[in-house]
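Chemist: Sequence first, predicted model second:
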Number of protein chains: 2
Amino acid sequence: MAIMGLLFYIPMSGYDLRKAFSATSLKHFSSSPGAIYPALRRIEAAALIQGKIERQNTLRPRKVYTLTSVGMAAFKERLSQSVTLDDIMWRMDELMLRFSFMYELLGKERTLKFLEEFSSATGSHIQALEKEYKLMNKNVSFGGPRAFEHGIEVYRSTVHWAKKVIREIQKKGELK
Amino acid sequence: MAIMGLLFYIPMSGYDLRKAFSATSLKHFSSSPGAIYPALRRIEAAALIQGKIERQNTLRPRKVYTLTSVGMAAFKERLSQSVTLDDIMWRMDELMLRFSFMYELLGKERTLKFLEEFSSATGSHIQALEKEYKLMNKNVSFGGPRAFEHGIEVYRSTVHWAKKVIREIQKKGELK
DNA sequence: AATTTCATGTAACCAGTTACATGATTCA
DNA sequence: TGAATCATGTAACTGGTTACATGAAATT
C-alpha cells in the first residue's frame, strides 16, 4: 500500500522508495532492501506496477516503477473498502495510509464517508473495550487495568482527531 | 514478554496461554498454536521457564510451565531497562506490557521512574514530530499532514495518560 | 450418539531482518 | 585518492499464519 501510494505521486526506483521510507514520516514502514526489492517484484508480477530501466547506457541502471492502470484501479478499490472492526484493531497504520491518499484519489464525499465510518467503528470499539474494562478483575494487578485505560484513551483521541478532520473538510466545502 | 508475564502470576499450559491471549485484553498478541508452542520451547530452551507434565497417568498430558528463577531475573531485568526512543517508536506494545507487570514486581518508586522516563521520552519525540511537521510540504496532499497530526495526537494522549497515572501512584503513597 | 472442548503439536507458506556482495559515480 | 553515495540485489535466519492431525474427555 505504501509503495503504491508513493508511486501514485511520482514514479520512483527501489532506492528512492527506500530513501522515502527512511527519511519521511513513513519511516515506520520498513526500508530494508530485503523488504523493498522483493516487494517490488511481487507487485510487478501482479501487474500493479511496471518498472522501466533508465539510462542502461550509462552502466548504472536505475529501475523506475510506475503505477499501471490495473494498479491504480486496485489501489482505488482498496481505498474504497469500508472500515471493519478488524481494520481498527489490527491495521490502524494501513487505515491512516489509506486516508492519506484518499482525498486526492476519491474526493471529498468519499473521504467524509470513510471518516464517518472510521469514527463510528472506533467509537463502538471503545464501547466494547469499556464493557470489558468493567468486567475486568482489577485486583490482580495495578498496571494491567491502567495499560488497558491507555488503549481506550488512544482510541478516544483517534475519534477526536477524526471528528476534527470531518469538520475541517466540511468547512473546505463552504469556502468553495 | 507476554508469556512470561502471565506465567509470573500463574503457571499455565500452552493451551491456557492461548485462551488467555484470545480471551483477555492481551488478544492483540498472537494466540495461534504455531506461535505459542514453538515460543514455549524456545523460552524453555533458554531456561527461562520450565514445563512439567501433569497427570501423565490420565492419558491426556498437560504441560504446565513455570517461571524459573533465571526467568524471573531476566524478566525483572527487562522491566528495569530504561525507555529508549526506539521503544517509543517501535515497541509501544511492549512498553505497555512492561508497565503492566511493573508495580507488583519492581514497586512504586521504580514504576514512577519508568513513567517519568516514558513521558519525557514521548514528549521529546512529540517535539521532534512537530518540528518535522513544520518542515513538511503540506501542498502535496490533504490527507498526509492530517494523518501525521493523528500520530502526534495519539502520542499526546499517551503523555496525558502517563501523567495521570503518575499522580495516581503518588496519591496511593499519601494514603498509606 | 454427536458435538464441543481439552490439549499438543507439525508443515507449508510467507515475509521481514541483518549482513553481505557488487560496482559505478560523485565529492572532499 | 579515498570516502560517501548511488543502486540493485542475494542469503541465512527468524518467526508468524493458516490449515491440518490426533485423540481423549465432557457436554448435550
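Modeler: The structure has been received and is ready for your questions.
Chemist: For the helix or strand bottoming out on mean pLDDT in chain A, which helices and strands make contact with it?
Modeler: Lowest by mean pLDDT, DSSP states H and E among the helices and strands of chain A is strand A:49-54, with a mean of 92. Secondary-structure packing of strand A:49-54 (3 or more C-beta pairs under 8 Å, 6 or more residues apart in numbering or on different chains; DSSP states H and E): helix A:2-9, helix A:33-45, strand A:62-67. C-betas here are computed from N, CA, C, even on glycine.
Chemist: Name the residues that touch the first one?
Modeler: Residues outside helix A:2-9 that contact it (C-beta atoms under 8 Å, 6 or more residues apart in numbering or on different chains): A:12, A:17, A:20-21, A:26, A:29, A:36, A:39-40, A:43, A:48-49, A:65-67, A:71-72, A:74-75, A:97, A:100-101, A:105, B:140-141.
Chemist: quick one: average pLDDT of the helix or strand following that helix?
Modeler: Going down the chain from helix A:2-9, the next helix or strand is strand A:12-13, by DSSP states H and E. Averaging pLDDT along strand A:12-13 gives 95.
Chemist: could you check whether the next helix-or-strand element following strand A:12-13 is close to DNA strand D?
Modeler: For strand A:12-13, the following helix or strand on the C-terminal side (DSSP H and E) is helix A:14-23. Yes: Helix A:14-23 lies within reach of DNA strand D by C-beta under 7 Å from any atom of the strand, at A:G14, A:Y15, A:D16, A:R18, A:K19.
Chemist: Chain B contacts on chain A?
Modeler: A:9, A:25, A:28, A:89-90, A:96-97, A:99-104, A:111, A:132, A:136, A:140-144, A:146-151, A:153-154, A:156-158, A:160-161, A:165, A:168 (C-beta under 8 Å from any C-beta of the partner chain).
Chemist: Narrow those to those that are buried.
Modeler: The neighbour-count test (16 or more other C-beta atoms under 10 Å in any protein chain shown) marks A:25, A:96-97, A:99-103, A:111, A:141-144, A:146-151, A:153-154, A:157-158, A:161, A:165 as buried among the residues of chain A next to chain B.
Chemist: Mind checking which of those land in helices?
Modeler: The helices, defined by DSSP state H, take in A:96-97, A:99-103, A:111, A:143-144, A:146-151, A:153-154, A:157-158, A:161, A:165 from those.
Chemist: picking up where we left off before, how about TSV for the residues of helix A:14-23 next to DNA strand D, with distance to DNA strand C and neighbour count added?
Modeler: Below are those laid out as TSV (distance: C-beta to the nearest atom of the strand, whole Å; neighbours: other C-beta atoms under 10 Å in any protein chain shown):
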residue	distance to DNA strand C	neighbour count
A:G14	11	19
A:Y15	10	13
A:D16	14	17
A:R18	10	18
A:K19	15	13
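Chemist: quick one on the thing from earlier: filter the contacts of helix A:2-9 down to the ones near DNA strand C?
Modeler: Near DNA strand C, by the rule C-beta under 7 Å from any atom of the strand, you find A:A39 out of the contacts of helix A:2-9.
Chemist: Please identify the deepest-packed of the helices and strands packed on strand A:49-54.
Modeler: Among those, helix A:2-9 has the highest mean neighbour count (mean count of other C-beta atoms under 10 Å in any protein chain shown), at a mean of 20.
Chemist: Hey, what's the angle from that helix to strand A:49-54? Just curious.
Modeler: 60 degrees (axes from the mean of the first three to the mean of the last three C-alpha atoms, to 10 degrees).
Chemist: Let's test this: mean pLDDT of helix A:2-9, rounded?
Modeler: Mean pLDDT, computed over helix A:2-9, is 95.
Chemist: same thing with stretch A:23-37?
Modeler: Per-residue scores along stretch A:23-37 average to 91.
Chemist: List of residues touching that stretch?
Modeler: Contacts of stretch A:23-37 (C-beta under 8 Å, 6+ apart): A:2-3, A:6, A:14, A:17-22, A:93, B:89-90, B:132, B:136, B:144, B:148, B:151.
Chemist: Distance across it, terminal residue to terminal residue?
Modeler: Start and end residues of stretch A:23-37 are separated by 18 Å (C-alpha to C-alpha, to the nearest Å).
Chemist: Kindly report the same for stretch A:50-62.
Modeler: In stretch A:50-62, first residue to last residue: 13 Å (C-alpha to C-alpha).
Chemist: Quick one: residues contacting the residue minimising distance to the centre of chain A.
Modeler: For chain A, the residue sitting closest to the mean C-alpha position, by C-alpha atoms, centre = their mean, is A:L97 at 1.7 Å. For A:L97, the residues meeting the contact criterion (C-beta under 8 Å, 6+ apart) are A:M1, A:A2, A:G5, B:A147.
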